[in-house]
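> My questions are about this predicted structure, shown below with the sequence.
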Protein chains: 2
Amino acid sequence: MAEHTLVGQRVVRIDSRAKATGQARYTADLTLPRMLCGKVLRSPHAHARILNIDTSKAERLRGVRAIVTGKDAAGVKWGVFGYTRDQELLTRDKVRYIGEDVAAVAAEDEDTAVEALKLIEVEYEVLPAVFDPLEATQEGAPQIHDHAENNINIHVPIEIGDVDKAFRDAYYVREDRFVNTEYGYCQTEPYAVLASYDSDGNLEIWTPNASPHTKAKALSNLLQKPLSKVKVRKVYTGGAFGGRSDIFPGEFIAALLTMKARRPVKLVYTREESFTSVRQVHSMVVDLKTGVAEDGRLLANEIKVVMDGGAYSSTGPIATSVPFLVWEETYRLPNVRFNGYRVYTNKPVRGMYRCHGRAFLGGLGMQLDMIAEELGIDPVEMRLRNALTTGDTQATGSKIISCGLSEAMEQAAEESGWKHKRGKLPHGKGIGMGANGMMVGFPMGIRGGSSAMIKFNEDAGATLISGVVDNGQGNESMVVQVAADVLGLKMEDINLVCSDSEITPLDQGAYSQAAAFVSANAAMGAAIDSREQILEIASEMLDATVDELDLRDGYVFVKERPERNMWMGKAIRKALIEDTPIMGRGSYMPKVDQRREWVSNPRGQHAGTFSFGAVIAEVEVDTETGQVRVTNVTGAHDCGFAINPMAVEGQLEGSVASGGVGATLLEEHSWDGGQMLNANMLEYKVPLSVDMPQITPIIVETIDPEGPFGAKEAGLWGSMNMFQAIGNAIYDAVGVWIKEFPITPDKVLAALEEKDKDR
Amino acid sequence: MAEHTLVGQRVVRIDSRAKATGQARYTADLTLPRMLCGKVLRSPHAHARILNIDTSKAERLRGVRAIVTGKDAAGVKWGVFGYTRDQELLTRDKVRYIGEDVAAVAAEDEDTAVEALKLIEVEYEVLPAVFDPLEATQEGAPQIHDHAENNINIHVPIEIGDVDKAFRDAYYVREDRFVNTEYGYCQTEPYAVLASYDSDGNLEIWTPNASPHTKAKALSNLLQKPLSKVKVRKVYTGGAFGGRSDIFPGEFIAALLTMKARRPVKLVYTREESFTSVRQVHSMVVDLKTGVAEDGRLLANEIKVVMDGGAYSSTGPIATSVPFLVWEETYRLPNVRFNGYRVYTNKPVRGMYRCHGRAFLGGLGMQLDMIAEELGIDPVEMRLRNALTTGDTQATGSKIISCGLSEAMEQAAEESGWKHKRGKLPHGKGIGMGANGMMVGFPMGIRGGSSAMIKFNEDAGATLISGVVDNGQGNESMVVQVAADVLGLKMEDINLVCSDSEITPLDQGAYSQAAAFVSANAAMGAAIDSREQILEIASEMLDATVDELDLRDGYVFVKERPERNMWMGKAIRKALIEDTPIMGRGSYMPKVDQRREWVSNPRGQHAGTFSFGAVIAEVEVDTETGQVRVTNVTGAHDCGFAINPMAVEGQLEGSVASGGVGATLLEEHSWDGGQMLNANMLEYKVPLSVDMPQITPIIVETIDPEGPFGAKEAGLWGSMNMFQAIGNAIYDAVGVWIKEFPITPDKVLAALEEKDKDR
């Protein structure tokens, strides 16, 4: 493996043709014989007690095959940790948000299912509701869950060093509040589930998802069935962005319906349901107090975050500490106090997001610029003075084993012409930087690792069986590319069987930026194991030691005398005849501290490694209309090693759009109490191609000692940094700080007016 | 593994519920979106040159999506060995039998496809044809293939010892000719293929088959595509009996159609097509000359077999030596000369059959009785004196490592009351014995072995990935039972992923009686490998050595102190956390001589082991009508070890029906030249339940040193022996030998008349 033949190359992804031709099938495209149409009856109330559900009229409707309510469920509640199990996925006692799942129907066709919903009579006792997380924690606020006083779902307190003393010692201290509203994931694909149940008790599920194994485990718990009976199948997934991670009521309901009807049931959500009744991104109120030394070094940080979690826990508790973690993953924080609160409200449920920190990381990144200005330090220099580097230990104890943060900042500054632009552009034009570190391979217990197996065909083709999950990132291609490189095969020689909870060994899925670092590592291990078996056999046949041999283009050859070579199929056949068939296996588990309390009290190594990046955004602000236009983005990212540079760059482009321009400037849900007003793609604004800037990607390679070929991750390139980069660029352009996201024209105009007043 | 918890138990098969509820889907049941209907245009001539095929009118028919002829194929010919590659699966130059595939259509619906066939104009030059294998070898007979003079497809000459001298030394010599006509497989399921081709060049095939890997390899050769692009998928198979082993034109044609139409194509054969255009069972003319010592010991055998192979080789060349092999696998043959000829005729193609030797083994078994009578020896005693036993070496050199032949004969005789019945029943009633040995695990090169892998779920459930193929025998259940026993799990804890050429490692399929001996051996190996990994981890946790531990009911426990135990899931989780996930792998290759010439010149070890059995049939012959009714069958079979005794007994019952009563008394094709006259289930007579005798199964266990838990095979229990047992019983009943199969009433009446004349 001295020379790479495939990794590091710009290769076309294995799913490109299927997607370009429309041949790729997504869940809503699937059909099964005798399949029924499922529909869900949803709560019209934000908070109400359910007094009675009468399904008798609906049951008598011709064509209705099954109706389920909470009574049909085992009564198990869902939550990612024992102490967050607060949601019956089909509620029995109360509804807690508008759009919550109350009952469901499976019928011969959609019209019948919709008609049946209308015939279900639900008697509610409406209760007072609360929609603001700060109000929800006040005395006298309506209590949403019996177990949660003051509606606090989870409180994460972290304290490192002597924060109060550090503030006293600080040269300069400032406090700011940053706020962001909820927004959506807006995956192109609507949420859908196809479920089928057979007479042997096997449940099969197709749904867009980030991890078949995680979905299977949740369904196994909720349905009280062994994992071997719950089979989450592979299907193309049209985008995830963190929003396909959790178990949703839809999968549970489709399972209950198919088990009751004994026929396959497909549930396809409308766009409105996809907005309201799957998951949303948390809103946050962030209070930041920061103390620095005269030279800009961070001495003290006090941070309070209140997140609106909506009606249930979901995966939200994990999100409560993540914003802190990404901050400590970027800069040296000697003294820091964090209090994160996730609060219940009568709004839809909020979950994991590809980037949890719009207000948080964005706010801190903007506050750094504010401080830098006060101290007369260039924002890039301000960051470089605080940036973590290889060998450093983070505030809560994680070691940095490879780090290209400073390099990324310097290269992005250089490439963008930062020195000639910052503070020097005409009024209305500005430039700003954002920087971040990011965990790669989280402590997820047994679910944090990956395993893979490889079997060979007699003509030297192979099948890689891996749990890897691809939600559009190119992860499937990546594991094939890695395995093919190790084995000296072409990518088309290797078939991939993946993302099926029955067939593939456990894998965390497309979580915690782990596909390259963990899944590809396991695939590489299986390839190396196979390679060794092949070389062992070949060494007899070519009369050379294993070390003298290499594999390339389907051949084994003596490195020093390449004319001594042999088609690899010969070795594979010899192994078969000799009853030592080549079967590779590999696994990888990130080297993390597997503490159960890592969410509520992170201490120790909380990721296998860390990726780093910097983004510089250039904006034009129209002072008449308040419109902000991002014209250029220069992003530099330490991905460890770019297995497929084209895919790495593609990730930047994607994250500049949806996590970046969209989330910073456009996307937000608007509300009337608990009723979402813009749950559709006409009124909810995602960036269009005309909104996109010119993007210049810079790949920084640090060759991580643990990653496969040194690779880490490339998924969160732009989305972590666009908030701060744009916010800082706006200040550079027009001299105002907008501390509420999204930065819409009205906020810009208001700030400009305020500024004019101050003059 | 001291005590078996599962193997040896009468367990319900894992597919029982699916089959009983109708949930199991067979190829004809499958649908894919945008699927087309395929139909084949067949030759109306037994032998003709194709001068021209004009598809232009058919192409213009609305709804026709693709038409293929031989021109669309790569021109590669099919045959199991290089020297038997004689068949273009879609012919270009000539047709050689009525029903041969000439062209095919894929259309939107069946009516359109049928109409399109009528619009295809084929210009033939009709050639003289030959239908009798003996005539076909005569000077001046029409030559069917350019390469085959005298129409001899293959000649297998075998000579062991000094045959001529042995005949001179013999005390008694006799010669007989036995004849059988062609018959059919009559699988309940019609032959069908569903093929799908995607824009990445992946071809998927669903078809009833005995080995996805063998089908994939053949298609890979014929279509000139790598194996990784040909994916033969698992589907329920409704019976095989050897008739789903080969590649058939249907799969090739469906592949060509889907590749041309770029839409899925399903081809479902009519019952007539299933009879004429898939495969049939060889007809044979067998000349037997046998010399014995005064005590009945076989001294010399000269055997000539002429088999009618039909128009092409198919897998028939293998069949040419098999009848000899099964004879040498049963008795000691010190001096033997064999000449097997497989001859081309203008009849449909003949292939492998679960029991190749109706006339052959049946004839020899009857001739043994004739000789025994001449020498005044009881037929059972005659067989016992010649029976092979453990440690013996067969004529061509195979060692017998376990043998219950004598035991089987003795137990069957005892159980049936042979001593009180043979020669002592009233006229019209009779009893007869048949006995056989049978190869288990053939030399099939790299395709003769099997490999398997196991992955574990965190709750101690598992998935076994095995190439095992189940055509109705219960093979799938068997491998699960074996793996579950080794792992101390329940059968329902283990999912099986099998019979998919992409996912599963190479396996020979349901061939050569190898599923138990080879596939289950590999599965057992993978289970043992996993077990060792589990015990290794558990030994730390339970503070005991690996040897002190055992697995049962999902628990690991200290054998001597079972109260020291632990749920197996704990060990599996610990392994996951410690990055040593339990992944088992196993393989088995029968210990055979892998000579390329084993068909044309068998020498050395030609099977991994051998199974043995004896069947005693009791009959009633109606001397008025010639009707023979089999009333009782007592079968004793050395299956090595009965993994699931219920399944072993089920195999006897099945083979007494289709290979036994049906083939011996009822089944035959009738012909007008090359035109089959009874290609339907009304006129082709298979035994009904009213034709079935009372069956008494006796399992003989010899615990084979190589087999999994000592198991060998149980597939050919009755079908190998019913011919001779019934033939001999008829003689015992009414004193006539019928040497032509099937033994129909007209033949019985003619023989009785002849016998009366002789008096």
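Done, it's in. Please read these numbers as outputs of a predicted model, since none were measured by experiment. Numbers count the residues shown, from 1 in each chain, chains lettered A, B, ... in the order given.
> drop to CA atoms for contacts and neighbour counts, all remaining ones
OK.
> Which residue, neighbours along the chain excluded, lies closest to the residue in the stretch 151-300 of chain A that chain B sits nearest to?
With CA to the nearest CA as the measure, A:S228 is the residue of the stretch 151-300 of chain A nearest to chain B, at 5.7 Å. Of all residues not flanking A:S228 in the chain, B:G461 sits nearest, at 5.7 Å (CA to CA, 6 or more residues apart in numbering or on different chains).
> show me the contacts for the one you found.
A:P226, A:L227, A:S228, B:L489, B:D493, B:I494, B:N495 (CA atoms under 8 Å, 6 or more residues apart in numbering or on different chains).
> Contact partners for the fifth one?
Right, the one you point to is B:D493. Contacts of B:D493 (CA under 8 Å, 6+ apart): A:S228, B:A460, B:G461, B:A462, B:A484.
> for the second one, what are its contacts?
Contacts of B:A460 were listed using CA under 8 Å, 6+ apart, and they are B:D493, B:G554, B:M568, B:G569, B:I572.
> Number of residues surrounding A:W598?
Residue neighbour count, defined by other CA atoms under 10 Å in any protein chain shown, stands at 18 for A:W598.
> so it touches A:H606, yeah?
Yes. With contact defined as CA atoms under 8 Å, A:W598 reaches A:H606; the gap is 7.5 Å.
> Identify the contacts common to these two.
Taking CA under 8 Å, 6+ apart as the contact rule, A:W598 and A:H606 both touch A:P443.
> do you know how far A:E273 is from A:L267?
Applying CA to CA, to the nearest Å, the value for A:E273 to A:L267 is 11 Å.
> between those two, which one's more packed in?
Between A:E273 and A:L267, counted using other CA under 10 Å, the more crowded position is A:L267 (27 against 19).
> What does the pLDDT read for the closest residue to the more buried one other than its chain neighbours?
Excluding its sequence neighbours, the residue lying closest to A:L267 (CA to CA, 6+ apart) is A:G38, at 4.7 Å. Looking at A:G38, its pLDDT stands at 98.
> Then A:S321?
pLDDT, read off for A:S321, is 88.
> Chain neighbours aside, what residue packs nearest to A:G365?
Leaving out its chain neighbours, the residue that sits closest to A:G365 by CA to CA, 6+ apart is A:Q724, at 5.1 Å.
> So what does the closest residue to chain B within the stretch 651-759 of chain A look like in phi/psi?
Nearest to chain B, among the residues of the stretch 651-759 of chain A, is A:E706, at 13.8 Å (CA to the nearest CA). Main-chain dihedrals, A:E706, degrees, to the nearest 10: phi -100, psi -30.
> how about it, what does it touch?
Counting by CA under 8 Å, 6+ apart, A:E706 touches A:F517, A:G608, A:T609.
> Quickly note the distance from the nearest residue to A:S211 once chain neighbours are set aside to A:P190.
Excluding the flanking residues, the one nearest A:S211 by CA to CA, 6+ apart is A:G509, at 4.2 Å. A:G509 is 20 Å from A:P190, where distance means CA to CA.
> Please pick the buried ones from the contacts of B:G461.
Buried residues within these, counting neighbours by 16 or more other CA atoms under 10 Å in any protein chain shown: A:P226, A:L227, A:S228, B:L489, B:D493, B:I494, B:N495.
> So for A:G509 and A:P190, which sits in the more crowded spot?
A:G509 (29 against 22).
> That one and A:E135: what is the separation?
Applying CA to CA, one obtains 37 Å for the distance of A:G509 from A:E135.
> could you show me where the strands are in the stretch 451-600 of chain A, in order?
Remark: strands assigned in the stretch 451-600 of chain A by DSSP state E, counting those that start in this stretch are A:462-466, A:494-498, A:549-552, A:555-558, A:561-567, A:583-588.
> Look up phi and psi at the spatially closest residue to A:A679 that is not a sequence neighbour.
With sequence-adjacent residues excluded and distances taken as CA to CA, 6+ apart, A:A679 is closest to A:E272, at 5.0 Å. Main-chain torsions, A:E272, degrees, to the nearest 10: phi -60, psi -50.
> Local confidence estimate at A:F360?
pLDDT, A:F360: 69.
> ok so, going back, please convert the strands of the stretch 451-600 of chain A to JSON lines, extending it with distance to B:P348 and mean pLDDT.
What follows is the strands of the stretch 451-600 of chain A, written out as JSON lines (distance: least, CA to CA, whole Å; pLDDT from 0 to 100):
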{"stretch": "strand A:462-466", "distance to B:P348": "37", "mean pLDDT": "98"}
{"stretch": "strand A:494-498", "distance to B:P348": "38", "mean pLDDT": "98"}
{"stretch": "strand A:549-552", "distance to B:P348": "47", "mean pLDDT": "97"}
{"stretch": "strand A:555-558", "distance to B:P348": "43", "mean pLDDT": "98"}
{"stretch": "strand A:561-567", "distance to B:P348": "39", "mean pLDDT": "97"}
{"stretch": "strand A:583-588", "distance to B:P348": "41", "mean pLDDT": "98"}
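> Tell me the pLDDT of the residue nearest to A:T91 when sequence neighbours are not counted.
Closest residue to A:T91 apart from its sequence neighbours, by CA to CA, 6+ apart: A:G70 at 5.3 Å. On pLDDT, A:G70 comes in at 96.
> on that earlier part again, what's the helix or strand for the residue nearest to A:G365?
A:Q724 belongs to helix A:722-734 when assigned by DSSP states H and E.
> any idea of the mean pLDDT in that helix?
On average, the pLDDT along helix A:722-734 is 97.
> Then stretch A:692-704?
Stretch A:692-704 carries an average pLDDT of 97.
> With stretch A:328-335 instead?
Regarding stretch A:328-335, the rounded mean pLDDT is 96.
> Next, the distance between the ends of it.
11 Å.
> and it, how far out from the chain's middle?
Using CA atoms, centre = their mean, to the nearest Å, the mean C-alpha position of stretch A:328-335 is found 23 Å from that of the whole chain.
> And for stretch A:662-675?
20 Å.
> Name the residues of the stretch 301-450 of chain A found near chain B, please.
Counting by CA under 8 Å from any CA of the partner chain, the stretch 301-450 of chain A comes close to chain B at A:G445, A:I446, A:G449.
> Out of the contacts of B:A460, flag the one nearest to A:L535.
B:I572 (30.8 Å; CA to CA).
> got the contact list for that closest one?
For B:I572, the contact set (CA under 8 Å, 6+ apart) comprises B:F456, B:N457, B:E458, B:A460, B:I534, B:P581, B:I582.
> returning to what we had before: nearest to B:L666, of the contacts of B:G461?
Lowest distance from B:L666 to the contacts of B:G461 (CA to CA) belongs to B:N495, with 40.9 Å.
> show me where the stretch 51-200 of chain A has strands.
All strands of the stretch 51-200 of chain A, identified by DSSP E, counting those that start in this stretch, fall at A:64-69, A:94-95, A:101-107, A:121-126, A:152-160, A:172-180, A:192-197.
> What residues does A:M438 make contact with?
A:M438 neighbours (CA under 8 Å, 6+ apart): A:V326, A:E329, A:T330, A:F610, A:S611, A:F612, A:L716.
> mind listing which of the residues you listed are in strands?
A:F610, A:S611, A:F612 (DSSP state E).
> on that earlier part again, of the strands of the stretch 51-200 of chain A, flag the one that's most buried.
Among the strands of the stretch 51-200 of chain A, ranked by average contacts under mean count of other CA atoms under 10 Å in any protein chain shown, first place goes to strand A:101-107 (a mean of 28).
> re the thing from before, so how far is A:H669 from the residue nearest to A:G365?
Counting by CA to CA, the separation of A:Q724 from A:H669 is 21 Å.
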